[in-house]
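J.: sequence and predicted structure below; questions after.
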Amino acid sequence: MIIDAHTHLTAGDSTLTATAVAECERLGVDRIVCSAIAGYRHYPTFEQVQRSNDDLHGVIRAHPDLVKGYCYVNPRHGKPALDDLRRRFEDQSMIGIKLWVATRADDPLVDPVVEQAIAYRAPILVHAWRKTIGQLSYESTAQDVARLGERYPEATIIMAHLGGQTESAVNAIAPYPNVRTDTSGSLIGGAEVAIAVDRLGAERVIFGSDLHGGDLAVNIGKIIAAELPAAEQELVLGGNMDALLAAVIK
């Protein structure tokens, strides 16, 4: 089983391309978990977020066996964002939450979103990266994610991209067993995947490609290049995410 836990709709027309669907079939990817992040706008309006989630709902309906959805949330929108989140879960069968760069992960504005995720037993995929230059004002780092995990041990959190700097990032989240990480990211290879598994355990490392921004075959290759034991590779490629999805309250 292969589940890609970190994918997006296209930036421009907010679709899942036929090429991506065909690539999933060719490579044996059983399911992708997808978000639409408002045309990659860093600080979207509530209306832009709503339209993105509408686009994603349409893709889920078109590909019900392949696509599961993360509801994209900008925590700065307060109660309207929470109302939209509940509607997406309860009426449109979304199964997780996506937090990007509009608010740092440990900002108190995020707390109501996390508490709703806990109620649904839903995973929260949190973008995390640390840049030498060009860090966005509200772009989370692994340390921000770790603080959120410490504050909410009941939450199921996935730190995206191995935090952008693998060794320091996995060390930051290691004390918090409710925080996992995904393997998406252009600077990540098999060695980084192996480091994450060694320090966190295979149960806390989840395959992600960042499709359409990342190549699916290349990212599967990173897991294979880590040369994990077969049982650990199976967990990373799909078993871990399958267990998280099964726990979500439908």
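T.: Okay, I see it. These numbers come from a predicted model, not from an experiment.

J.: enumerate every residue touching the closest residue to Leu9 other than its chain neighbours.
T.: Sequence neighbours aside, Ala36 is the residue nearest to Leu9 in space, at 4.3 Å (criterion: C-beta to C-beta, 6 or more residues apart in numbering). Heads up, the C-betas are built off the backbone N, CA and C, glycines and all. Listed by C-beta atoms under 8 Å, 6 or more residues apart in numbering, the contact set of Ala36 reads His8, Leu9, Ser14, Ser52, Asn53, Asp55, Leu56, Val59, Tyr72.

J.: min pLDDT across those residues, which one?
T.: Lowest-confidence member of these: Ser14, scoring 94 (pLDDT).

J.: that residue contacts Val49, correct?
T.: No: between Ser14 and Val49 there is no contact under C-beta atoms under 8 Å: 12.0 Å.

J.: so where's this protein uncertain?
T.: Scanning the chain for pLDDT under 70 picks out no residues.

J.: Asp83: what's it in contact with?
T.: Per C-beta under 8 Å, 6+ apart, neighbours of Asp83: none.

J.: show me what secondary structure element comes after whatever helix or strand it lives in.
T.: Assignment of secondary structure by DSSP states H and E places Asp83 within helix 79-92. Under the assignment DSSP H and E, the closest C-terminal helix or strand after helix 79-92 is strand 96-99.

J.: that next one pairs with which strands?
T.: Strand 96-99 has these partner strands in its sheet, going by DSSP bridges: strand 67-72 (parallel), strand 123-126 (parallel).

J.: please put the alpha-carbon coordinates of the first one into PDB.
T.: Looking back up the chat, that one is strand 67-72. Taking C-alpha atoms only, strand 67-72 is exported to PDB below (Å, rounded to 0.1, in the frame of the first residue of the first chain):
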ATOM      1  CA  VAL A  67      -8.400  11.500  -3.200                       C
ATOM      2  CA  LYS A  68      -8.900  12.300   0.400                       C
ATOM      3  CA  GLY A  69      -9.000  16.000   1.500                       C
ATOM      4  CA  TYR A  70      -7.300  18.300   4.000                       C
ATOM      5  CA  CYS A  71      -9.400  21.300   4.800                       C
ATOM      6  CA  TYR A  72      -7.200  24.300   4.400                       C
END
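
J.: enumerate every residue touching the residue nearest the centre of the chain.
T.: Residue closest to the mean C-alpha point of the chain, counted by C-alpha atoms, centre = their mean, is Leu125 at 3.4 Å. Contacts for Leu125 were tallied using C-beta under 8 Å, 6+ apart; they are Ala5, His6, Val33, Ser35, Tyr70, Gly96, Ile97, Lys98, Leu99, Ile158, Ala160, Asp182.

J.: pull out the buried residues from the helix ranked longest in the chain.
T.: Taking DSSP state H as the criterion, the chain has its longest helix at helix 46-62. Neighbour-count burial for helix 46-62 flags Gln48, Val49, Gln50, Arg51, Ser52, Asn53, Asp55, Leu56, His57, Val59, Ile60 (criterion: 16 or more other C-beta atoms under 10 Å).

J.: give me the distance between it and the centre of its chain.
T.: Here helix 46-62 is found 17 Å from its chain centre; the criterion is C-alpha atoms, centre = their mean, to the nearest Å.
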